[in-house]
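**Student:** take a look and give me a structure for this.
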Amino acid sequence: MRLWVCIALLSIVLCVSADRPRIVQGMTRAGRFAWDAVGGARDMFRAYKDMREANYKGADKYFHARGNYDAARRGPGGAWAARVIRWPFLLPHSDAREGWQSRVSGRGAEDTRLDQEANAWGRSGGDPNRYRPKGLPSKY
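**Tutor:** Below you'll find the predicted structure:
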């Protein structure tokens, strides 16, 4: 009886420590990527929501950098989400977006370039506080 218990316990230990099949490893990686991407999108949305709530002049670059920084820290899926999601969320990063900013919002191509610089800074792991304006409440 003891021999069978020992064999059963040894079998369980060996099965638990055995490598998973490649298909399971791939599915696990894909699931983790998707989970990180969703979390990254949530980070980007939270930064956007905070930017709208703060309504603080000159703070948009800080929120761009912070959203991208938080998303990229999640892993490859979060970094992917940070690259794909653009500000504002519904407009693609293209000439149409720049045209919209210069015509409708009055911000222009220079502001778009600075926004993209802040996005890249945050995605690369740079400290978002580089863009933090003086006087922005500590809540943000």
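**Student:** touching stretch 56-68 from outside, list them.
**Tutor:** 43-44, 46-48, 50-51, 54, 82, 87, 114-115, 117-123, 126, 128-133, 135-137, 140 (Cβ atoms under 8 Å, 6 or more residues apart in numbering). No exception for glycine: its C-beta is placed from N, CA and C like everyone else's.
**Student:** give me phi/psi at the spatially most central residue of the chain?
**Tutor:** With distances taken as Cα atoms, centre = their mean, residue 71 lies nearest the centre of the chain, 1.8 Å away. Per-residue torsions, residue 71: phi -70, psi -50 (degrees, to the nearest 10).
**Student:** my read: it touches residue 40, true?
**Tutor:** Yes - at 3.4 Å, residue 71 and residue 40 qualify as touching, with contact defined as Cβ atoms under 8 Å.
**Student:** joint contacts of the two?
**Tutor:** 78-79, 81-82, 85.
**Student:** how about CSV for these, with secondary structure and pLDDT added?
**Tutor:** Shown next, in CSV, are the shared contacts of residue 71 and residue 40 (DSSP: H, G, I helix; E, B strand; the rest coil; pLDDT from 0 to 100):
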residue, secondary structure, pLDDT
78, helix, 94
79, helix, 94
81, helix, 92
82, helix, 91
85, coil, 84
